[in-house]
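[1] Sequence and predicted structure below; questions after.
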Amino acid sequence: MLNPVAFNDGEVGRVEVKNTTCYMCACRCGIRVTLRDGEVRHIEGNPEHPLNQGVICAKGASGIMKQYSPARLTKPLLRRPNARRGESDFEPISWERAFEIMEERLSHLRETDPKKFAIFTGRDQMQALTGMFAKQFGTPNYAAHGGFCSVNMAAGMIYTIGGSFWEFGGPDLDRAKLFVMIGTAEDHHSNPMKIALSKFKRRGGRFISINPVRTGYSAIADEWVPIRPGTDGALFLAIIHELISQGLYDREFLVNYTNAAELIDLDESSDDYGMFIRTSKPVEEGCFDPQNKLWWDRKTNGPVNVRCEGCDPFLLGEYEVDGKPVKTAFQLLKERVDEYTPEWAEGITGIPADTIRRLAHEMGVTARDQKIELPIQWTDVWGREHQSVKGGPVAFHAMRGLAAHSNGFQTIRAMSVLMSLLNTIDTPGGFRHKAPFPRPIPPCPKPPNSADDVQPNTPLNGMPLGWPADPNDLFVDDDGEALRLDKAFSWEYPLSVHGLMHNAITNAWRGDRYKIDTLLLFMANMAWNSSMNTDKVREMLTDTDEEGEYRIPFIIVCDAFQSETVAFADLVLPDTTYLERHDAMSMLDRPISEFDGPVDSVRIPVLPPKGDCKPFQDVLVELGSRLKLPAFVNEDGSRKFRDYPDFIVNFETSPGSGIGFLSGWRGKGGEKFLKGEPNPRQWEMYAKNNCVFHYELPKSYQYMRNWNKGYLEWARAHGMTRYAEPINVHIYSEVLQKFRLAAQGRRPGRQPPERLRKRLAMYMDPLPFYHETLESNLVDTREFPLNAVTQRPMAMYHSWDSQNAWLRQIHTYNYLYMSPRLGEAQGFDDGDWVWVESPHGKVRCMARFSESVEPGTVWTWNAIGKAAGAWGLSPKANESQKGFLLNHVISEELPPCEAGEHMSNSDPVTGQAAWYDVRVKVYKADENGPQQSFPQFKPQRRVPGQDGRRGRWQAYFAGMFRRKFGID
Amino acid sequence: MTQLALVIDLNVCVGCHACVTSCKEWNTSGWAGPMVDQRPYDADPMGTFFNRVQTFEVGEFPNTETVHFPKSCLHCEEPPCVPVCPTGASYKREDNGVVLVDYDKCIGCKYCSWACPYGVRELDGMQKVMKKCTLCIDRITDESKPESERKPACVLACPTSARLFGDVHDPDSEVSVMIREEGGFQLMPEWGTQPSNHYLPRRKTRIQIFEDELERVDNPLDKEHPLPAATGDTLDDVTF
């Protein structure tokens, strides 16, 4: 063998090095791809990229095996005329034919009834484009995956503090002293969280993890606090109880930057019961959150305008204004948490009361006594100058563990209130925003609000997804019933700001509200891990009516890989991989901003598309042009954009707005940013700059942005926000109270259907509260005593990576993890086959005993189990034979209840899918039964255009691989 | 003499497997490649990895620790795999102490893997030769790369920088300082193999709250009570 020192890798073959952005998960790290003779030699983290600073994760470093996966689709496919849907019997067709089919079908729908076209997308990163396409088409039936992901996190936090975790903000671990991670499932955020966590620990920070399961990040926590799933709200409220009773809250922050001291009308006879007392002071025009409210002044012992010069309000107390009884918002919060003692929470969460008290003291004392004060001058929106920014160095991070419960919205409200009590909102060492957040509470875009907003041949009047501020913003008919297929923005789930994709198929199948014609699914595995009640959903996709027609007449699936859902398509569109396409991680969507300023980024192809693959963005631009959607054509009807890269450069939100998909290098010569004319060389400039644009704000604009005059005016001037008004924290939510008043029949205007009044009055509570999950109240929790949840492994992203020869060796199949005590009680052993059964169904899987799990919880890795034959795997692959999908035991609908026969199994406020509410029992499977997971499905056939079988051995060596294995 | 090695910090390793696949990605197309996969898309896939992460639990609920434990060749100072090799294929480099296998000399007899107490050698079932971690010898000695990139792929990839790389014989190197100051330890030193790779243990940060820290004169609750106005007699009224 050659001496390795003499060996020079760069001299083996022809080498090229190109930068782009990873897409092995949703993190969007910068990557540097080295090619050897046109094949990927290796993919490294780009050291010059702000997000990942050179590191890469297990998924990112396995991109090669995604690129050359045998699951790749390479040709447009049409279901054969006599083939049954679901049987994967396709014929390859040309793109021209595929476009003709879509053009004919969709133009008819647009001319007649645009809402019969529904477009739902998965974990894509182009919601700005897909959402715009839906709006231009004129259909309200659009959503991305947010409703079944973490919309509770987005809505709960944005409706409280004007920002939320992950893309829009996060924990400032550079300066935090105490970090509390609660309810994360190990994804979101990936590399940036790992980088920050390691630095934080090495600096001596204290890391507490609160989670039913100790894996991943929790493994390195200084303290693990096991908690029962779905009870996090009780924990937060008990901590708030302790902080208030000890006086461990930041009075100055609450008074100045929240509505805690503001007076609330408690006149039982008033239409404004529970609303803030408003003065006659004129409301500034266009103001979203008028500040014409009252404090009760300590000095004069009377009502005064909020934030009046020299005033100092009581935070607590009850008073009278014009003969009306009033209380401060903080008084109501204090009364609310009076009963939420640590002892009360112990019985619910399983966490000892002393531990809860200690957690509260650690948070409160750290925030108070280790306060960080940075010598950064800034001016607040009221014109007051500050010589420093101050914050309690207690940082939180949370995600799906809180969100995926039907009490998640109020739990996350409670967390946001807790974060506010500690003065951690956009402060050093606390929570920090990322542009374009903070945004008004709630943000400005609104959904359509009447049936008239949907018209043939007309763009939708309103945004398909928006932020309701009161009942007038709901998208309901005259009876108060839903107008969207998924029933988002209806009285059933008023603040469903990301839609309810998890109910779209069931509703379409049932014709609930109305029948649709065409369902377009992009990158969403709705026939498997992205649906609850998976086996029934698969039946719905193939079910026919009395005339033998499919209940969902036409299904288009666009994906790069042979997912389970592809089998259910009538038309399959082969997407490219991330290494083969342009992409914009846009400020109009979910950019990769940092705490210190806006950042957006792009993908630039490093390889040509395989076979006939076409980027979905190009498909949309082509379709938009053919259908003559206004944004895609000139006034004379001629095509406006050549392709997606051309669209990205030249599209503006309105003619001359200067705002487009990318914020860097705008202006004719690339001299402007955020706002500016289109720059024909914008892609080149991104390419030269590591595919990323990063604008670092001046230090004085980097903190307290909800109230930072300089920042807000800068953001307004650069088109990031409409108003430069204060974004005060909603400790008390008047938005929720408006819906509650309507439900109670105390507010004129739109009224909810009778069946929903009680539900709305209960859950649209203006103050956070704890309630058991909806399903727990409707099923027998004695028969089904366990909670079942899923965790996301760090080496797999949802269902994406079983096709990946390297990653699937890390997670080939999954076990159900549980306390050994459970096995002892039920008479089974570690490794035995067991049934996990819920009121909705059962799954056979293998048990694995673990001491790292709360004893009332069982859990598994998400989406490792696959349907036989899918994802380019052999039907004998472990993923389908030993792996399992927990989704089969989770229902997309609640058992019939007072609120309706078919209510979604979701949060009653936001429609967030309540994945983690499911209750189960576990018992030994028949030893003589099949040693195989259940349910099993008829193996999915490979489709035309997939690579042939690779055989027994695969040896990847860049530069020789495709030739050796006879791959195109 | 230089002895290159890894120091792996178990205090920050979250078990993400970045080291596992970045290693495979670099080495499969490099000097030590390919790293083959058996049954890559079928039942029981099994491929060659130079580096694997094992996860285990310590203790009983609720006092459980979950430990992620990355494991690869430890590049022993006294490598038992070398003297047992009948063909001289297994060798330790004199210039930097890296233990390597010359595939051209290897006959796949597996003596070395039996001799290795750490189980870090993997027989390539297709090529029938023994393979193992090379510390990315073809990267770390490649002078055409900038110095910042002359590190093993796993070290560059590791998102928590749990993997440190350097000369454990140089007392001033980062790795030597960490071993000395952060409680670095070797695996099974009783075998006399003198593994060059070291591990750093878990370290815990705790906060102690004293009772008097909960009672402060500036407790904001005090501001919520109006100062009581005098009612009834005061000394002012009744004393001369």
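    That came through fine. Numbers count the residues shown, from 1 in each chain, chains lettered A, B, ... in the order given.
[2] Quick one: the strands in chain B, in order.
    Along chain B, counting by DSSP state E, strands occupy B:4-9, B:37-38, B:46-47, B:51-58, B:65-72, B:90-92, B:99-101, B:122-124, B:129-131, B:163-167, B:198-200.
[3] Most tightly packed of those strands?
    Stretch with highest mean neighbour count among these: strand B:4-9 (a mean of 26; mean count of other Cβ atoms under 10 Å in any protein chain shown). (Each C-beta comes from the backbone N, C-alpha and C, glycine too.)
[4] what pairs with it, and is each one parallel or antiparallel?
    strand B:163-167 (antiparallel), strand B:198-200 (parallel) (DSSP bridges).
[5] Need the strands of chain B in a markdown table (columns: mean pLDDT and distance to residue A:183).
    Output for the strands of chain B, formatted as a markdown table (pLDDT from 0 to 100; distance: least, Cβ to Cβ, whole Å):
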| stretch | mean pLDDT | distance to residue A:183 |
| --- | --- | --- |
| strand B:4-9 | 98 | 26 |
| strand B:37-38 | 98 | 36 |
| strand B:46-47 | 97 | 35 |
| strand B:51-58 | 97 | 21 |
| strand B:65-72 | 97 | 17 |
| strand B:90-92 | 98 | 49 |
| strand B:99-101 | 98 | 45 |
| strand B:122-124 | 96 | 38 |
| strand B:129-131 | 97 | 42 |
| strand B:163-167 | 98 | 29 |
| strand B:198-200 | 98 | 29 |
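[6] for the ones you listed, which one sits closest to residue A:161?
    strand B:65-72 (32.2 Å; Cβ to Cβ).
[7] Now do the contacts for residue A:328.
    A:260, A:261, A:262, A:263, A:264, A:296, A:313, A:314, A:315, A:316, A:317 (Cβ atoms under 8 Å, 6 or more residues apart in numbering or on different chains).
[8] got a markdown table for these, with distance to residue A:870 too?
    Supplementary listing: the contacts of residue A:328 in a markdown table, determined by distance: Cβ to Cβ, whole Å:
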| residue | distance to residue A:870 |
| --- | --- |
| A:260 | 53 |
| A:261 | 57 |
| A:262 | 55 |
| A:263 | 59 |
| A:264 | 55 |
| A:296 | 64 |
| A:313 | 61 |
| A:314 | 63 |
| A:315 | 57 |
| A:316 | 59 |
| A:317 | 62 |
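[9] Could you restrict the residues you listed to the ones contacting chain B?
    A:314, A:315, A:316, A:317 (Cβ under 8 Å from any Cβ of the partner chain).
[10] which residues does residue A:513 contact?
    So residue A:513 contacts A:481, A:482, A:483, A:484, A:485, A:487, A:507 (Cβ under 8 Å, 6+ apart).
[11] For chain B, see how far away the second one is.
    Taken as Cβ to the nearest Cβ, to the nearest Å, the spacing of residue A:482 relative to chain B amounts to 42 Å.
[12] Dig out what that residue forms beta bridges with.
    Going by DSSP bridges, residue A:482 forms beta bridges with residue A:476.
[13] Looking at the contacts of residue A:328, which are in strands?
    Per DSSP E, these map to strands at A:263, A:264, A:296.
[14] Check the closest residue in space to residue B:143 that isn't next to it in sequence and give its pLDDT.
    Leaving out its chain neighbours, the residue that sits closest to residue B:143 by Cβ to Cβ, 6 or more residues apart in numbering or on different chains is residue B:150, at 7.8 Å. Residue B:150 is assigned 97 on the pLDDT scale.
[15] wait, doesn't residue B:150 sit right on residue B:144?
    No - under the criterion of Cβ atoms under 8 Å, residue B:150 makes no contact with residue B:144, lying 9.7 Å away.
[16] So for those two, which residue has more residues nearby?
    More crowded of residue B:150 and residue B:144, by other Cβ atoms under 10 Å in any protein chain shown: residue B:150, with 16 against 10.
[17] Show the backbone phi and psi for residue A:402.
    Backbone dihedrals for residue A:402, given as degrees, to the nearest 10, come out at phi -90, psi -40.
[18] so how far is chain B from it?
    From residue A:402 to chain B the distance is 20 Å (Cβ to the nearest Cβ).
[19] quick one, phi psi at the residue nearest to that residue when sequence neighbours are not counted?
    Leaving aside its chain neighbours, residue A:402 sits nearest to residue A:183 (4.1 Å; criterion: Cβ to Cβ, 6+ apart). Main-chain torsions, residue A:183, degrees, to the nearest 10: phi 70, psi 50.
[20] again with residue A:484
    Taking degrees, to the nearest 10 as the convention, residue A:484 sits at phi -90, psi 150.
[21] OK, contacts around the closest residue to residue A:544 other than its chain neighbours?
    Spatial nearest neighbour of residue A:544, chain neighbours left out: residue A:550 (5.6 Å); criterion: Cβ to Cβ, 6+ apart. Residue A:550 is in contact with A:85, A:542, A:543, A:544, counting by Cβ under 8 Å, 6+ apart.
[22] Let's verify the first one: helix, strand, or coil?
    Using DSSP: H, G, I helix; E, B strand; the rest coil, the secondary structure recorded for residue A:85 is coil.
[23] Give me the neighbour count for the residue nearest to it when sequence neighbours are not counted.
    Spatial nearest neighbour of residue A:85, excluding adjacent residues (Cβ to Cβ, 6+ apart): residue A:542 at 5.0 Å. Using other Cβ under 10 Å, residue A:542 has 18 other residues around it.
[24] so residue A:542 makes contact with residue A:568?
    Yes - between residue A:542 and residue A:568 there is a contact at 6.9 Å, judged by Cβ under 8 Å.
[25] Report the set of residues contacting both of the two.
    A:85, A:86.
[26] ok, which stretches of chain B are helices?
    B:18-28, B:111-115, B:137-140, B:153-157, B:174-181, B:235-238 (DSSP state H).
[27] how many neighbours does whichever residue of the stretch 451-600 of chain A sits closest to chain B have?
    Using Cβ to the nearest Cβ, the single residue of the stretch 451-600 of chain A nearest to chain B is residue A:562, 11.5 Å away. Other residues within reach of residue A:562, judged by other Cβ under 10 Å, total 28.
[28] which element follows the strand ranked longest in chain A toward the C-terminus?
    Longest strand in chain A by number of residues, with DSSP E as the criterion: strand A:841-849. Scanning forward in sequence from strand A:841-849 by DSSP states H and E, the next helix or strand is strand A:857-861.
[29] Just list what that next one packs against, helices and strands only.
    strand A:786-791, strand A:816-818 (3 or more Cβ pairs under 8 Å, 6 or more residues apart in numbering or on different chains; DSSP states H and E).
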